[in-house]
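Participant: Give me coordinates for this.
(one chain, ligands or ions: 2)
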Amino acid sequence: MCEDSSRSIENLLATGSISGRRRRIAAMVHRFVDHPLSTIPSGNPLYLRKTVHRHPATFAHVSARSSWRRAEYLHPTALVIHITGRYLGNKPLVPAFSARASLPALHRYQPQTTLAREEQIGMSLTDLTPTELEFEPDKYASGANPPEVQAKVPCPVVDGLRIPRDRYVDKDHYEAERKVWLHSWQMAARVEEIPEAGDYTEYEIVGNSVLIIRQTDGSIKALHNACRHRATELAKGCGRLPGGQLVCPFHGWRWNLDGSSSYVFADAAFDARTLAKSELALRECLVEVWAGMVFINFDRNARPLHEELSPAKEILDEAGVGNLRVKWWKQVVLDANWKIAMEAFLEGYHVMQTHPQLILSGTEEEALRQTYGTEYTAFRGGHGRFHSPRGERASDWDYEDFIESNRLLAQGQDAMALDREVQIFEGMRNKAQGTTAEKVAAAIGALFEYAAGAGIPMTPPTPKINWGGEIFVFPNFFIFPMFANALSYRVRPHLDDPEKCIFDVWSLMTYPVGQEPERAELRGAFDKDDTENWGLIPRQDFSNIERQQRGLKSMSYEGHRLSPTVESTITNMHEEIDRVIAAHS
Ligand code: FES
Ligand SMILES: [Fe+2]
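Facilitator: Ligands and ions are numbered 1, 2, ... in the order given. The predicted structure is shown next:
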């Protein structure tokens with residue numbers, strides 16, 4: 001797989017052995033890299049790590065068709081190029097950009113070598129590159145998986161820009177994906193579902209039912225829901241365990257809240273060998289509580305939650321998600337593979353066509369601005385995010401548009417923005433002065449004032465956090481933070497059907513301290529077209545998911561073709577799935 005130095009970029013350029021587009025890309029890459037590629041030891045079993053931060057429009061500007069895939073082809077040992085900027089097509093919205101290049105592979109061999117540099121190319125450099133754009137070896141690990149990983153996956157991702165259709169329908173692949181569920185931390189419940197000792201709620205995933213139980217000391221345990229006698233499920237749904245006991249409905253064996261055995265009916269009828277306490281104790285999963293959520297892991301050797309969820313966890317902590325409580329929680333069952341349902345929320349690229357009402361001016365220019373103005377980040381561990389870090393707006397965007405965009409969220413999904421925000425923003429209509437940006441700033445200031453007066457803890461935006469956008473927590477959990485509210489999704493396979501999934505939706509909000517609702521309960525599972533229970537925005541999203549799954553059945557269809565920018569977090573999720581499968585095969 002490796003190249004010797006005779007195929008370094010210098011040599012490729014010097015010998016004239018490449019031409020056309022490949023030569024232009026090679027020249028660009030070479031210009032950005034201030035380290036002789038020929039020093040990379042040959043024989044490296046390394047592979048490309050793709051660009052962590054790619055601004056789509058900037059990529060279009062810097063090199064008409066350059067992409068990390070082609071860079072890989074030129075020199076497969078390793079290459080990362082970070083380029084940021086603000087462009088609309090070839091037109092600079094901000095007259096500056098910065099460029100970085102790193103060779104992560106070299107960090108492994110020559111850790112002291114400085115590899116990155118900035119280079120001014122025709123325009124002035126600014127401080128557009130925040131700290132998070134700096135390349136840090138091993139912080140990010142997305143990229144094409146090596147052959148040894150691909151070999152262990154029934155339908156592997158070989159090219160991150162193409163996702164084979166069999167990954168969504170093939171039974172063997174679906175079976176292999178069980179490893180993802182059995183070895184990943186997953187959001188199993190909200191803490192508000194089980195506020196009191198003895199409260200339980202059931203979480204089900206790939207045939208494993210787990211009871212999440214509040215203990216008498218306030219802690220939480222996750223116990224496998226299978227009687228140790230003859231397997232009967234001990235409890236279903238949610239509720240409170242009478243007398244603090246789990247009682248099997250078949251022959252009446254009992255357990256304490258912590259899973260220890262407390263009673264075996266007619267125990268003298270059994271051989272003592274089969275009634276050892278250690279045999280009778282209900283099996284436990286790892287549990288960690290974070291930000292009002294209960295995460296479980298079936299793998300008792302899993303790394304701690306905060307390590308596995310970083311950096312998504314830190315971003316969400318900064319956004320104040322720990323203050324959120326459930327306003328409502330609903331489900332829909334969709335006739336689609338769980339990944340198809342998830343992919344619809346890993347990108348905002350679909351907004352122009354699926355949610356045209358969210359393009360306020362309705363113009364293509366504004367749709368493009370929103371699309372190119374969104375930054376996608378693929379994190380290590382399959383996590384990801386998208387957001388609009390600078391929030392540039394069309395020049396004719398005014399304060400009424402700001403109100404309208406919030407009203408659309410409040411009316412269209414009853415989440416992220418709620419009526420209370422809309423009312424405050426409307427109240428500022430005649431009070432806020434200045435430019436649109438100044439008025440919006442004043443309106444958000446009024447929101448903080450209201451929150452402070454009402455006792456609502458509210459986290460201010462920071463350089464890392466800008467409200468809006470999405471954080472994806474691998475393998476299946478999303479939060480869309482906005483002001484002191486959020487929308488949250490979780491997607492799971494439905495029983496053993498690769499073409500069905502359970503989709504949970506939470507509207508989360510920050511309540512005044514002391515006025516938080518006591519208990520969160522599922523309102524129910526509703527049809528995807530139910531206008532009583534789903535707002536316009538989720539109905540628009542749901543409508544495409546099942547159509548996609550049906551389209552996958554077409555004999556003409558071989559797989560998705562993805563953008564390396566606006567759909568990069570989809571690639572990242574798929575490649576992480578393959579890494580997890582391979583790691584546990
Ligand atoms: S199956 Fe549970 S007590 Fe017999
Ligand atoms: Fe959508």
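Participant: Can you give me the neighbour number for Arg561?
Facilitator: By other Cβ atoms under 10 Å, the residues close to Arg561 number 10. Yep, even glycine has a C-beta here, placed from its N, CA and C like the rest.
Participant: contacting residues around it?
Facilitator: Going by Cβ atoms under 8 Å, 6 or more residues apart in numbering, Arg561 touches Leu161, Arg162.
Participant: State the distance from it to ligand 1.
Facilitator: Counting by Cβ to the nearest ligand atom, to the nearest Å, the gap from Arg561 to ligand 1 is 51 Å.
Participant: Against which helices or strands is the host helix or strand of Leu368 packed?
Facilitator: If you go by DSSP states H and E, Leu368 is part of helix 364-372. Applying 3 or more Cβ pairs under 8 Å, 6 or more residues apart in numbering; DSSP states H and E, one finds that helix 364-372 contacts helix 56-62, strand 80-88, helix 351-354.
Participant: tell me which residues in that helix are buried?
Facilitator: Across helix 364-372, burial judged by 16 or more other Cβ atoms under 10 Å covers Glu366, Ala367, Arg369, Gln370, Thr371, Tyr372.
Participant: Next, format these as CSV and append distance to Pro481 and pLDDT.
Facilitator: Output for the buried residues of helix 364-372, formatted as CSV (distance: Cβ to Cβ, whole Å; pLDDT from 0 to 100):
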residue, distance to Pro481, pLDDT
Glu366, 23, 79
Ala367, 23, 84
Arg369, 22, 79
Gln370, 18, 82
Thr371, 21, 84
Tyr372, 22, 78
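Participant: got a markdown table for those residues, with distance to Ile545 too?
Facilitator: As requested, the buried residues of helix 364-372 are arranged in a markdown table below (distance: Cβ to Cβ, whole Å):
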| residue | distance to Ile545 |
| --- | --- |
| Glu366 | 26 |
| Ala367 | 21 |
| Arg369 | 27 |
| Gln370 | 22 |
| Thr371 | 21 |
| Tyr372 | 25 |
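Participant: Residues of this protein that sit close to ligand 1?
Facilitator: Neighbours of ligand 1 within the chain, by Cβ under 6 Å from any ligand atom: Cys227, His229, Arg230, Thr232, Cys248, Phe250, His251, Trp253.
Participant: ok, 8 Å please
Facilitator: 227-232, 234, 248-253, 265 (Cβ under 8 Å from any ligand atom).
Participant: buried subset of those?
Facilitator: Buried by 16+ other Cβ under 10 Å: Cys227, Arg228, His229, Leu234, Cys248, Trp253, out of those.
Participant: Turn these into CSV, including distance to Trp329 and pLDDT.
Facilitator: Listed next are these as CSV, based on distance: Cβ to Cβ, whole Å; pLDDT from 0 to 100:
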residue, distance to Trp329, pLDDT
Cys227, 29, 98
Arg228, 32, 98
His229, 34, 98
Leu234, 24, 98
Cys248, 29, 98
Trp253, 32, 98
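Participant: which residue does the stretch 51-200 of the chain bring closest to ligand 1?
Facilitator: When you check the stretch 51-200 of the chain against ligand 1 by Cβ to the nearest ligand atom, the closest residue turns out to be Tyr200, at 16.7 Å.
Participant: any idea which element the residue nearest to that residue when sequence neighbours are not counted lies in?
Facilitator: Nearest residue to Tyr200, sequence neighbours excluded (Cβ to Cβ, 6 or more residues apart in numbering): Ile213, at 4.6 Å. Here Ile213 sits within strand 208-214, counting by DSSP H and E.
Participant: other SSEs contacting the top helix by length along the chain?
Facilitator: The longest helix of the chain (DSSP state H) is helix 436-454. Contacts defined by 3+ Cβ pairs under 8 Å, 6+ apart place helix 436-454 against helix 399-413, helix 419-427.
Participant: quick one on the thing from earlier: tell me the one among the buried ones among the residues of the chain next to ligand 1 nearest to Gln433.
Facilitator: Closest approach to Gln433 among these (Cβ to Cβ): Leu234, at 63.0 Å.
Participant: where does this protein dip in pLDDT?
Facilitator: Low-confidence segments of the chain (pLDDT under 70): 1-144, 389-396, 462-466.
Participant: what's around the closest residue to Val158 other than its chain neighbours, how many residues?
Facilitator: Nearest non-adjacent residue to Val158, counting by Cβ to Cβ, 6+ apart: Gln150, 6.0 Å away. Using other Cβ under 10 Å, Gln150 has 16 other residues around it.
Participant: and Gln150, what does it touch?
Facilitator: Applying Cβ under 8 Å, 6+ apart to Gln150 gives the contacts Pro156, Val157, Val158, Asp578, Ala582.
Participant: Tell me who's in contact with the residue of the stretch 401-550 of the chain found nearest ligand 1.
Facilitator: Ligand 1 sits closest to Leu495 of the stretch 401-550 of the chain, with a gap of 21.8 Å, by Cβ to the nearest ligand atom. Listed by Cβ under 8 Å, 6+ apart, the contact set of Leu495 reads Gly207.
Participant: same check, this time on Arg579
Facilitator: Asn145, Val149, Gly382.
Participant: Swap in 10 Å and give it another go.
Facilitator: Taking Cβ atoms under 10 Å, 6 or more residues apart in numbering as the contact definition, Arg579 lies against Ala141, Ser142, Asn145, Pro146, Val149, Lys152, Val153, Val180, Gly381, Gly382.
Participant: for the residues you listed, which one is nearest Phe477?
Facilitator: Checking the contacts of Arg579 against Phe477 by Cβ to Cβ gives Gly382 as the nearest, at 11.2 Å.
Participant: Tell me the secondary structure of the closest residue to the closest one other than its chain neighbours, please.
Facilitator: Leaving aside its sequence neighbours, Gly382 sits nearest to Glu576 (Cβ to Cβ, 6+ apart; 2.8 Å). Of the three states, Glu576 takes helix under DSSP: H, G, I helix; E, B strand; the rest coil.
Participant: Repeat that for the one 4 residues further on.
Facilitator: The three-state assignment at Val580 reads helix, by three-state DSSP.
Participant: which residue sits closest to it, ignoring its sequence neighbours?
Facilitator: Setting aside the residues directly before and after it, Val580 is nearest to Val180 in space (Cβ to Cβ, 6+ apart), at 4.9 Å.
Participant: count of neighbours near that neighbour?
Facilitator: 23.
Participant: so after the host helix or strand of it, what's the next helix or strand?
Facilitator: Val180 belongs to helix 178-183 when assigned by DSSP H and E. With elements assigned by DSSP H and E, the helix or strand that comes after helix 178-183 is strand 186-190.
Participant: how far off helix 419-427 does the longest helix of the chain point, in degrees?
Facilitator: Interaxial angle, helix 436-454 versus helix 419-427 (axes from the mean of the first three to the mean of the last three Cα atoms, to 10 degrees): 130 degrees.
Participant: on that earlier part again, show me which of the contacts of Gln150 are buried.
Facilitator: Buried among the contacts of Gln150 (16+ other Cβ under 10 Å): Pro156, Val157, Asp578, Ala582.
Participant: Make JSON lines from the residues you listed and add distance to Leu552 to it.
Facilitator: Below are the buried ones among the contacts of Gln150 laid out as JSON lines (distance: Cβ to Cβ, whole Å):
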{"residue": "Pro156", "distance to Leu552": "17"}
{"residue": "Val157", "distance to Leu552": "16"}
{"residue": "Asp578", "distance to Leu552": "19"}
{"residue": "Ala582", "distance to Leu552": "24"}
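Participant: Spit out the contact partners of the residue nearest to Val580.
Facilitator: With Cβ under 10 Å, 6+ apart, Val180 has these contacts: 186, 205-206, 382, 474-476, 493, 576-581, 584.
Participant: Among the residues you listed, name the buried ones.
Facilitator: 186, 205-206, 382, 474-476, 493, 576-581.
Participant: can those residues go into CSV with extra columns for distance to Thr510?
Facilitator: As requested, the buried ones among the contacts of Val180 are exported to CSV (distance: Cβ to Cβ, whole Å):
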residue, distance to Thr510
Gln186, 24
Ile205, 29
Val206, 34
Gly382, 28
Phe474, 26
Pro475, 27
Asn476, 24
Pro493, 32
Glu576, 31
Ile577, 33
Asp578, 38
Arg579, 36
Val580, 34
Ile581, 38
